[in-house]
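Asker: Fold the following, please.
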Amino acid sequence: MDEDKVLTTKQAAQYLQTSLTTIFKMIREGELKAKKVGRGYRFLRSELEKFLRGEIESKK
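Answerer: You can find the predicted model right below:
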């Protein structure tokens, strides 16, 4: 079940090796699936892996 680990925005940026600014842009543009929790976002690592493999279509 390690695959479904929940990541913060900062952790997601580190995992994807990109900046927080890019993460927020990708959320806005529908490229990444994220849930708003309080004032921040949370990501499932499995969803980030799908994104990296090209299995998620962007909403652009």
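
Asker: Identify the residues contacting stretch 44-55?
Answerer: 3-7, 12, 15-16, 31-33, 56 (Cβ atoms under 8 Å, 6 or more residues apart in numbering). Yep, even glycine has a C-beta here, placed from its N, CA and C like the rest.

Asker: Residue 4 and residue 41, how far apart?
Answerer: Distance, residue 4 to residue 41, using Cβ to Cβ, to the nearest Å: 16 Å.

Asker: Looking at those two, which one has more neighbours?
Answerer: residue 41 (18 against 9; other Cβ atoms under 10 Å).

Asker: Now do the host helix or strand of that one: distance to the chain's middle.
Answerer: For residue 41, the element it lies in under DSSP states H and E is strand 40-44. From the chain centre to the centre of strand 40-44 is a distance of 7 Å (Cα atoms, centre = their mean, to the nearest Å).

Asker: The next helix or strand after it: how far from the chain's middle?
Answerer: Downstream of strand 40-44, the next assigned helix or strand under DSSP H and E is helix 45-53. Distance of helix 45-53 from the chain centroid (Cα atoms, centre = their mean) equals 8 Å.

Asker: Only the buried residues of helix 45-53, if you could.
Answerer: Neighbour-count burial for helix 45-53, counted by 16 or more other Cβ atoms under 10 Å, picks out 45, 47-48, 51.

Asker: same check, this time on stretch 11-31
Answerer: 12-13, 15-16, 23, 26-27, 31.

Asker: any chance of those residues in a markdown table, plus distance to residue 37 and pLDDT?
Answerer: Shown next, in a markdown table, are these (distance: Cβ to Cβ, whole Å; pLDDT from 0 to 100):
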| residue | distance to residue 37 | pLDDT |
| --- | --- | --- |
| 12 | 13 | 97 |
| 13 | 16 | 98 |
| 15 | 17 | 97 |
| 16 | 19 | 97 |
| 23 | 15 | 97 |
| 26 | 17 | 95 |
| 27 | 13 | 95 |
| 31 | 19 | 93 |
